[in-house]
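Undergrad: Here is the input, now give the coordinates:
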Amino acid sequence: MSPSKITVLTVDDDTHILRMLQRILELEGFDVLTAQEGDSALNVFVNQKPDVALLDVRMPGMDGYELCRKIREFSEIPIIMVTAKGNEEEKVQGFDAGADDYVTKPFSARELVARVNAVLRRTSWQEDKNKPTFSCKDLTIDFTRQRVKIAGSDVNLTATEYAILSYLAQNAGCLITPDSLLRKVWGEEYAGETHLLQVNMSRLRKKLKDEAHDSSYIITRPGIGYMAIKNQ
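TA: Numbers count the residues shown, from 1 in each chain. This next block holds a predicted model:
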């Protein structure tokens, strides 16, 4: 997917920051939609159908968390939260609301574009065409169509959740370290951000109804890594 075909929705109540975001992204070739509060952002989202959303956490009225949750009710597009520097709680709340990534204020133009490109890479995840499907108990992954089912019912995953699951499934039976997963799914610059992986893994498990202490699909080896269970 080329940037000229990608539309980014940026939401921030600060006009100065909104214009800065718009300029940075447009200089990189993205189409940019803007909104200054949650309700108008939802209207823009529904009518314009952007490819990526960049949401500020702190906004009057509907904040970024609530907006993220509302978007997740009907869309799995990549969402990046804009958080305050050093505020770990904002990042955690963002992931719990359904965000895929975050960028911390103050940020450089280079970092912002890198974060957007990172979530887009996960959206256009490329699978091993020699393995068109994966099955384990009730879980089925159709790599060609990027569809996941449990007992025949579709499971709606974000791009990040799907990338984690598909990479583990392609290496079923092999223990994958956290840093290997972070590099493969997020990118080289994310190595060491184990909390980011843990939150997304927890969200993935909930959707698969796969408890860590009694797993049917993904085994966790604390301090070591993760492994998709091979179908017997």
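
Undergrad: Tell me how this protein divides into domains.
TA: According to automatic domain parsing, the chain comprises the domains 3-123, 133-228.

Undergrad: Make CSV from the ones you listed and add mean pLDDT and mean neighbour count to it.
TA: For glycine as for every other residue, the C-beta is placed from the backbone atoms N, C-alpha and C. Formatted as CSV, the domains of the chain follow (pLDDT from 0 to 100; neighbours: other CB atoms under 10 Å):
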stretch, mean pLDDT, mean neighbour count
domain 3-123, 88, 18
domain 133-228, 88, 17
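
Undergrad: Could you list the residues in contact with stretch 170-188?
TA: If you take CB atoms under 8 Å, 6 or more residues apart in numbering as the criterion, stretch 170-188 is touched by 101, 114, 118, 121-122, 127-128, 131, 134, 136, 143, 160, 163-164, 167-168, 190-194, 196-197, 221, 224-231.

Undergrad: Now the terminal residues of it, how far apart.
TA: 20 Å (CA to CA, to the nearest Å).

Undergrad: Out of the contacts of stretch 170-188, list just those in helices.
TA: Cross-referencing those with the helices (criterion: DSSP state H) gives 114, 118, 121-122, 160, 163-164, 167-168, 194, 196-197 as the overlap.

Undergrad: gap between stretch 154-165 and the chain center?
TA: Distance of stretch 154-165 from its chain centroid, counting by CA atoms, centre = their mean, to the nearest Å, is 8 Å.

Undergrad: which element is residue 65 on?
TA: helix 64-72 (DSSP states H and E).

Undergrad: Pick out the residue nearest the middle of this protein.
TA: Residue closest to the mean C-alpha point of the chain, counted by CA atoms, centre = their mean, is residue 100 at 2.6 Å.

Undergrad: which residues touch that one?
TA: Residue 100 sits in contact with 78-80, 119, 122, 158-160, 200, where contact means CB under 8 Å, 6+ apart.

Undergrad: Just flag the most distant two among the residues you listed.
TA: 80 and 200 (13.6 Å; CB to CB).

Undergrad: Give the closest residue to residue 17 in space, chain neighbours not counted.
TA: Closest residue to residue 17 apart from its sequence neighbours, by CB to CB, 6 or more residues apart in numbering: residue 56 at 7.5 Å.

Undergrad: what's near enough to touch that neighbour?
TA: Taking CB under 8 Å, 6+ apart as the criterion, residue 56 is in contact with 11-14, 17, 64, 81-82.
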